[in-house]
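J.: Need coordinates for the following:
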Amino acid sequence: MTTTTLAALVPVLPFLGAAAGLLLGRSAPGFVRPLAVLPTLAALVLAVVVAARQGGGRAVDAVTELTPTGSVPVELALHIDGFAALVAVLVGCVATCVQIYSTGYLRDDPRYPSYAALVSLFTSAMFLVVYSGDLMVLLVGWEIMGICSYFLVGHYWETSEARAASLKAFLVTKLGDVPFLIGLLALATEAGSFRITKILGAVASGSLDHPTLIALLLLAGVAGKSAQFPLHTWLPDAMAGPTPVSALIHAATMVAAGVYFVARLLPLFQASHAAMVVLAVMAAVTMVGSALAALAQDDIKRVLAYSTIGQLGYMTGALAAGDRGAAVFHLLTHGAFKALLFLAAGVIIHAAGTNSLAAMSRMRGLRDRVPDAYWTMTVALLALAAIPPFSGFFSKEAVLVVAEHAATGHTEQAPGAAGWTVLLAGLVTALLTAAYAMRLWLLAFHGQGTEAPDHGRQPVVMNAVLWVLAIPSLALGGLAFRLLPDWFDGHDLTPTLTTSVLGTGVALVGGIVTYAAWRHTTALAARPPLGAVAAHPEGDAALVEAEAIASHEPAYGDIAYAADPSDPGRLLLGPLHRHAAVGFHLDAVYTTLFVRPVQAGASLVRFLDREVVDTYVRAAGALPRLLGTAVRRAQTGNVQTYVSALLAGTVVLAVAAVLVATGA
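T.: Here you go, the predicted structure:
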């Protein structure tokens, strides 16, 4: 088969698996698991073959017109360069691991057939986004992922949290998709085509009249899909869905689509310095804000969700610095270790027996109960914290290097202001990332909470997937920057001494300070209660501090603060902790600015419809009804009444005739 044919089969196979799974889910339940795993695995194999044939060389292009439109044509086009080939392999690898893992994680779930089919459809849509060479076809995959996320996040629809989270994810992403669609149409109108290659040619020739406006419209959709500030608030709430879904969304699909889209059309954004600065500011605020929020979360999945937001900020930061190679490099390594983090968290939750026990303040004794999750999550957290030689170190250093080059004027691909913004925010985020990674490791595996009931050993298939993902989390970064330079536009991704020392140094500081804070708070929590202070004439300020840390704080929004005296996040963040724990109240701000005005407007419209419009409608029906009532009462059926009325009418007419005659 030709490379084009193989590439076309990659998104088709999971789609067929999804369709077959939905059709046979009830009539032939024994086929559900094979239909979930095998098509996705076959798509992965084909994606690897396509990548090997493409080899990081010249892009593979194929096109056929779908239907004549009379204006801008819509074409079924493939455009597979080195970036597309590598990202497709990542998507296939993570999706296959998630499907295999889910056979154990959801083995007793009655809705597993529909879940597996939706995961396959989700995977197919992401493959379509990755390989598509036409923006309108790409938009089809983009929107299919949105509806799949709605159903998958709301998988546990019996709970109000899942229903609210799925609706929020759908609405917030659609809020960004509206300007995104407008931007696509404007771009195609000015370029005369939806084809990516023709659009890039139009950008290179300078034939676009409004590159800044188009770029900003497209960034709105990217912010929604990739959970970047200010449209990132849906992603932490999306943790209400099954944990394997979280791994899929965070590691290889949905949120990766926005970053990948900007990487494909990066010359368009580089045509506008204003758009690049906006992208840099968006990345910087996202990185730092999400890292602070992650340091304050108690739920292990929400920590990882905010971590994803921050790591996506690194990717958009690399794009703002004008280098898509570093962005896609970090996308690949992040996909490996973030999938591992979520699936290891799923093992922890599975061991506890319920998703409600994901609070780290309640965890105790898990190191010995889930040894596979302990060791593999340790590897993934080291990669997340960018500690050498783990994979995250090399890709994060690549981001810092390109930001430094943009800041110091060594490249003309991005303004210096964008480079400095990304570089400084990246270093601060490296410090905070190591801090919340260390905090998660300490609280999850060495916490002093209440030990949950032991629900037995996890299925072998779940632990096996963890070890498979641990390999790229450890080695992918070191292999990629040495063996795959041609796949990243030929850019050298080797870490430099300056950024390596700075990045690793701040990461070590963050980890060490967090460990010291944990030891301090743990020691204080073990001391006698505050009441014992009265026995000492001079008192004990440390005991007062321990009591303050252990005290219950009020709930903010839907999050109730757990009283965990050993949580170093409280000590490190201080007064900022309660604000960071609720995402700096952005949901409350959006509720005030948007939700309540919309609800008030809806209430006004309902009042006008019921009390004004319906009044006229009811009146129009009431008048004939009254006339009918009057006529009905005249029809009594009494002959004497009819004769009397006839005589009375005759008399009246006679009198009237006499009066008229007399007057004449």
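
J.: Low-confidence ranges, the stretch 551-664 of the chain, go.
T.: Applying pLDDT under 70 to the stretch 551-664 of the chain flags the ranges 551-565, 664.

J.: Swap in 80 and give it another go.
T.: Across the stretch 551-664 of the chain, the ranges flagged by pLDDT under 80 are 551-566, 629-642, 663-664.

J.: Go ahead and flag the most central residue of this structure.
T.: Leu235 (4.4 Å; C-alpha atoms, centre = their mean).

J.: Skipping its backbone neighbours, what lies nearest that one in space?
T.: If the residues on either side of it in the chain are set aside, Leu235 comes closest to Ala227, at 4.0 Å by C-beta to C-beta, 6 or more residues apart in numbering. In this view, the C-beta of every residue, glycine as well, is placed from N, C-alpha and C.

J.: same question, Phe584
T.: Nearest to Phe584 is Gly289, by C-beta to C-beta, 6+ apart, at 6.5 Å.

J.: Also Ala202?
T.: In space, Ala202 is closest to Ala191, 4.0 Å off (C-beta to C-beta, 6+ apart).

J.: what do you get for Ile144?
T.: Leaving out its chain neighbours, the residue that sits closest to Ile144 by C-beta to C-beta, 6+ apart is Ala125, at 3.8 Å.

J.: Please apply the same query to Leu218.
T.: Per C-beta to C-beta, 6+ apart, closest to Leu218 is Gly183, 4.2 Å.

J.: what do you get for Lys198?
T.: Ala191 is the one closest to Lys198 (C-beta to C-beta, 6+ apart), at 6.1 Å.

J.: Surely that neighbour touches Leu208?
T.: Yes: counting by C-beta atoms under 8 Å, Ala191 touches Leu208, with 6.7 Å between them.

J.: what sits in contact with each of those two?
T.: Applying C-beta atoms under 8 Å, 6 or more residues apart in numbering, one finds that Ala191 and Leu208 are jointly contacted by Ala202.

J.: Tell me which of those two has more neighbours.
T.: Neighbours per residue (other C-beta atoms under 10 Å) separate Ala191 from Leu208, with Ala191 holding more: 23 against 20.

J.: Contact partners for that one?
T.: 198-199, 202-203, 207-208.

J.: swap in Asp489?
T.: So Asp489 contacts 82, 324-325 (C-beta under 8 Å, 6+ apart).

J.: host element of the residue nearest to Phe584?
T.: Here Gly289 sits within helix 273-294, counting by DSSP states H and E.

J.: returning to what we had before: neighbour-wise, which one of the contacts of Asp489 leads?
T.: Comparing the contacts of Asp489 by number of neighbours (other C-beta under 10 Å), Arg324 comes first, having 26 neighbours.

J.: Isn't that one up against Thr316?
T.: No: if you go by C-beta under 8 Å, Arg324 and Thr316 don't touch, sitting 10.9 Å apart.

J.: Check the contact lists of these two and give me the overlap.
T.: With C-beta under 8 Å, 6+ apart, Arg324 and Thr316 have common neighbours Val262.

J.: Leaving out the residues flanking it, which one is nearest to Arg264?
T.: Ile196 is the one closest to Arg264 (C-beta to C-beta, 6+ apart), at 6.1 Å.

J.: wait, isn't that neighbour in contact with His79?
T.: Yes: counting by C-beta under 8 Å, Ile196 touches His79, with 5.5 Å between them.

J.: Need the residues touching each of the two.
T.: With C-beta under 8 Å, 6+ apart as the test, Ile196 and His79 both reach Gly133.

J.: hang on, Thr64 packs against Glu75?
T.: Yes: because the distance of 6.7 Å satisfies C-beta under 8 Å, Thr64 is recorded as touching Glu75.
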